[in-house]
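Student: coords below, sequence missing:
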């Protein structure tokens, strides 16, 4: 196989990745985007396998590649088939960690056997790594190490089941934390400089070790309320790690694919920060959720609320002309998306206008609610983003909130509130508000929600799926 053919095939794969990203920008084209992505990856994998056989002169090396494909691909297929939608954020964090670890392993293999990577242009003496490539290699490995350990911590915070404090949703802070991160960062720069000069294994190992440590120290002070930003940020890191390794190996496909993932993840992080009125650096350096949780806990008190049953909610909904449904993480936990679609169909059959309002950070991962509704085959033309739907709450007869909390909290409008300035879904403007929750517990930000205590709000307590199913029966 000639290098011209390899370059051409990698270029085709890169074009497929670009088309995949374009397709994934909208639900109606997401299936086509996924097909482009799978096609591009298949071309890239087969081309790389053929290149390994060509360089090795035998199929011996290909055997290890096939083993990795069978093990990794088999596990990935099994997890994709069996994962619960509520566990999707944890799965994404796990995949990010594997991408980071793969970057570290590739870099380590390059350092251990530089002559084996003869496809690199301009190789140094005795198969050494060119000085410029050493910097790229060390940076790629460092970012990959940060991505791996940071994603592991994010996975723990998202699952929230571990008794180990680092893996809990609350921030872990201590005196001198930022100074420690600064010191570790400076040491990492020194390690990269030493590796650039010596190509030594010890400086490289030190850079990787520092990356693993920084990944932990960067993520542990970040609270659960900022997890959507962390997920997209780590997605960006994984892309830049792959791009760095691609530069080291002069692999155009890795460079393009990594840059696509890195840049799109960075843009998504910016969108998430804007949706929470947070700066990117305040998320990385802060511990949002800790102070808010403390303040919220102190403010929690027994206050009267207006409660009702599923039958009461059905009566209100059945007599409305327009209804806006606000799904939250409670809906995901209850797996109520199919029940909600059935309820919406019943309302539509009665001539009621039904729409869904999606906040950018609803759930625990960007796009979480959109995926849940798409799984239930909710029509795309009924689903609206925050900017498009907020102007309609004032004219809506009923806003029914299913398991959402912080994204509809009017405290974001009050100066001095820990979430002041955070854009919210303006459900409080609807003529009547129905809120379904299991209890009056605070949301991820730890704040009480004044919306729940308004005169026009009716609280319907219980599991979202059971409540929605009872509402649907009552509508009949």
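Tutor: Right, received. Where do you want to start? Worth saying up front: this structure is predicted, and the values here are computed from it rather than measured.

Student: going by C-alpha atoms from here, please, whenever you check contacts or count neighbours.
Tutor: Fine.

Student: state the distance from residue 239 to residue 94.
Tutor: Distance, residue 239 to residue 94, by CA to CA, to the nearest Å: 15 Å.

Student: more neighbours: which of these two?
Tutor: Neighbour count, other CA atoms under 10 Å: between residue 239 and residue 94, residue 239 has more, with 31 against 18.

Student: I'd say the more buried one and residue 254 touch.
Tutor: No: using CA atoms under 8 Å, residue 239 is not in contact with residue 254, being 9.2 Å away.

Student: mean confidence for the strand or helix carrying residue 53?
Tutor: Using DSSP states H and E, residue 53 sits in helix 30-56. In this model, helix 30-56 has a mean pLDDT of 86.

Student: just the buried positions in that helix, please.
Tutor: 30, 32-41, 43-45, 47-53 (16 or more other CA atoms under 10 Å).

Student: for residue 269, see how far away residue 439 is.
Tutor: Applying CA to CA, the value for residue 439 to residue 269 is 31 Å.

Student: so those two - more neighbours on which side?
Tutor: With neighbours defined as other CA under 10 Å, residue 439 and residue 269 compare such that residue 269 has more, 24 against 12.

Student: now that one: how far from residue 281?
Tutor: 11 Å.

Student: residue 20: what's it in contact with?
Tutor: Shown in contact with residue 20 (CA atoms under 8 Å, 6 or more residues apart in numbering): 32, 33, 34, 35, 36, 37.

Student: skipping its backbone neighbours, what lies nearest it in space?
Tutor: residue 33 (3.9 Å; CA to CA, 6 or more residues apart in numbering).

Student: OK, contacts around residue 191?
Tutor: Contacts of residue 191 (CA under 8 Å, 6+ apart): 203, 204, 206, 207.

Student: need those residues in JSON lines with distance to residue 247 and secondary structure, can you?
Tutor: Shown next, in JSON lines, are the contacts of residue 191 (distance: CA to CA, whole Å; DSSP: H, G, I helix; E, B strand; the rest coil):
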{"residue": "203", "distance to residue 247": "20", "secondary structure": "helix"}
{"residue": "204", "distance to residue 247": "17", "secondary structure": "helix"}
{"residue": "206", "distance to residue 247": "21", "secondary structure": "helix"}
{"residue": "207", "distance to residue 247": "18", "secondary structure": "helix"}
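
Student: which among these gets closest to residue 84?
Tutor: residue 207 (36.6 Å; CA to CA).

Student: ok, now how distant is residue 353 from residue 320?
Tutor: According to CA to CA, residue 353 and residue 320 sit 9 Å apart.

Student: where does the stretch 1-150 of the chain have low pLDDT?
Tutor: Applying pLDDT under 70 to the stretch 1-150 of the chain flags residues 1, 56-61, 86, 115-127.

Student: scratch that, the stretch 351-476 of the chain is what I was asking about
Tutor: The stretch 351-476 of the chain contains residues with pLDDT under 70 at 364, 443-446.

Student: in the chain, where's the longest helix?
Tutor: helix 131-159 (DSSP state H).

Student: check the offset of that one from the chain's centre.
Tutor: 16 Å (CA atoms, centre = their mean, to the nearest Å).

Student: list the contacts for residue 194?
Tutor: Contacts of residue 194 by CA under 8 Å, 6+ apart are 200, 203.

Student: surely the residue nearest to residue 20 and residue 21 touch.
Tutor: Yes: contact criterion CA under 8 Å: residue 33 and residue 21 qualify, at 6.4 Å.

Student: and the helix holding residue 53, what does it pack against?
Tutor: In terms of contacts (3 or more CA pairs under 8 Å, 6 or more residues apart in numbering; DSSP states H and E), helix 30-56 is packed against helix 3-23, helix 60-82.

Student: can you do 6 Å?
Tutor: helix 3-23 (3 or more CA pairs under 6 Å, 6 or more residues apart in numbering; DSSP states H and E).

Student: any buried residues in the helix it packs on, and which?
Tutor: Under 16+ other CA under 10 Å, the buried positions of helix 3-23 are 6, 9-21, 23.

Student: ok, so of these, who is nearest residue 417?
Tutor: Of these, the one sitting nearest to residue 417 (CA to CA) turns out to be residue 21, at 37.3 Å.

Student: how near is the closest one to residue 34?
Tutor: Counting by CA to CA, the gap from residue 21 to residue 34 is 9 Å.

Student: likewise for residue 177?
Tutor: Residue 177 is 41 Å from residue 34, by CA to CA.

Student: same question for residue 72.
Tutor: 19 Å.

Student: same thing with residue 175?
Tutor: Residue 175 is 45 Å from residue 34, by CA to CA.

Student: ditto for residue 426
Tutor: Here residue 426 is placed at a distance of 34 Å from residue 34 (CA to CA).

Student: same question, residue 347
Tutor: Residue 347 is 33 Å from residue 34, where distance means CA to CA.

Student: and if you look at residue 331?
Tutor: Distance from residue 331 to residue 34, by CA to CA: 26 Å.

Student: same check on residue 8?
Tutor: 22 Å.

Student: and for residue 220?
Tutor: Distance, residue 220 to residue 34, by CA to CA: 33 Å.
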